[in-house]
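Asks: Predicted model, plus sequence, below.
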Amino acid sequence: MTMIPSPHISRSALLACVAAALPFGWARAAEQPISLVLQNGSSINIASVVLQNGALVVPATVLGFTEGQIIPVESVDHVYGDKPAQLNPAIALLLSDKPADALKMLEPILASQKITAKFPGNFWLEAARAALVAYAVDGNSAKCTEIGKEISDATPASGADPFVALGRALLMPASTKPQEREQALRDLVTSDQPADVSAYAAIYLGNLLKTYKHNPDAAEALKMDALNMDAYLMVPCLFPSGGMVLNAVAELKASYFLSALGRPSEALAIVKSAIQHSAGTMIAAEANKRLESLK
């Protein structure tokens, strides 16, 4: 099978990207309620407002706000608070081939955070983009199209959000040639795409490459392993800001190919990084098991 060339990530580049990633900590469990911070410095919990006729309305008196008070949406400066506790675990489920389980956790977040969708600093957008990927992987084109439109409407740039193109690539029918799927994903693994789009695309590219039938020739098999490894390593090395859980999943997957290619010290380092990036998710348990097997 003809494979589309992949840029090779060198040993030194890998160690550099892992070294840069390891110091990052993990966000604490949600403690700070999510609030809308207004331009005058005041703030209000998102649970204390509703959206009516394009304006925010306070249905009941709360500290600093009266019942029935209208808050113009243009007066909102940004969203403040801790990330919903279920968001990272949901993304971990999605990237562990459990899209339906991921959606059970993502859909309540979408509902609770919808009011914040167009404000800077919101968490709705990250959850919505993960949900779009989950719907696409699950083959639900209608829901994928629906949420793709909602995402595009919520983002400031005109036209379709880049995640819509990712959804289309993941929704390609089973009859599509593997090379066409591969190209569609590689087209999204570029520096001119948002980091999270490229990170998701690179992970699903790696997953696709793993399905290719291996050539029995040892040299060709090693070449295939290197291509597969590079697809995953692009996430933490080239698109680390795409998300810590995406980094962790890609690192864990890449570690198996690093071992197969005779690079055990790098496999060990990248698994340790995956553990730090995946705290509080199912990936952490898998990464810890992987770490024990490498010792």
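Replies: Good, I have the coordinates. Numbering: from 1, shown residues only.
Asks: Contact partners for Thr281?
Replies: With contacts taken as Cβ atoms under 8 Å, 6 or more residues apart in numbering, Thr281 has the following neighbours: Asn88, Pro89, Ile91, Ala92, Val245, Ala248. From N, CA and C alone the C-beta is placed, and that goes for glycine too.
Asks: any idea how far Ala134 is from it?
Replies: Thr281 sits 15 Å away from Ala134, taking Cβ to Cβ, to the nearest Å as the criterion.
Asks: In terms of distance to Val164, which of the contacts of Thr281 ranks first?
Replies: Val164 has its nearest neighbour among those in Ile91, at 18.7 Å by Cβ to Cβ.
Asks: Check what pLDDT that closest one gets.
Replies: According to the model's per-residue confidence, Ile91 sits at a pLDDT of 98.
Asks: For Ala160, which three-state class applies?
Replies: Assigned with DSSP: H, G, I helix; E, B strand; the rest coil, Ala160 falls in the coil class.
Asks: Next one: Ala267 from Val245, what distance?
Replies: Using Cβ to Cβ, which is the criterion applied here, Ala267 is 20 Å from Val245.
Asks: which stretches of the stretch 51-200 of the chain form strands?
Replies: For the stretch 51-200 of the chain, the strands identified by DSSP state E, counting those that start in this stretch occupy 55-57, 70-71, 76-80, in order along the chain.
Asks: circling back to that earlier point, which pair of the contacts of Thr281 spans the longest distance?
Replies: Comparing all pairs in the contacts of Thr281 by Cβ to Cβ, the longest separation belongs to Pro89 and Ala248, at 11.9 Å.
Asks: ok, these two, which is more surrounded?
Replies: Legend: neighbour count by other Cβ atoms under 10 Å for Pro89 and Ala248, higher for Ala248 (32 against 20).
Asks: show me what contacts the more buried one?
Replies: Shown in contact with Ala248 (Cβ under 8 Å, 6+ apart): Ala92, Ser273, Ala274, Ile275, Gln276, His277, Ser278, Thr281, Ile283, Ala284, Ala287.
Asks: Compare Ala267 and Val245 (neighbour count), which wins?
Replies: Between Ala267 and Val245, counted using other Cβ under 10 Å, Val245 has the larger neighbour count: 27 against 24.
Asks: how near is the more buried one to Ala111?
Replies: For Val245, the distance to Ala111 (Cβ to Cβ) stands at 21 Å.
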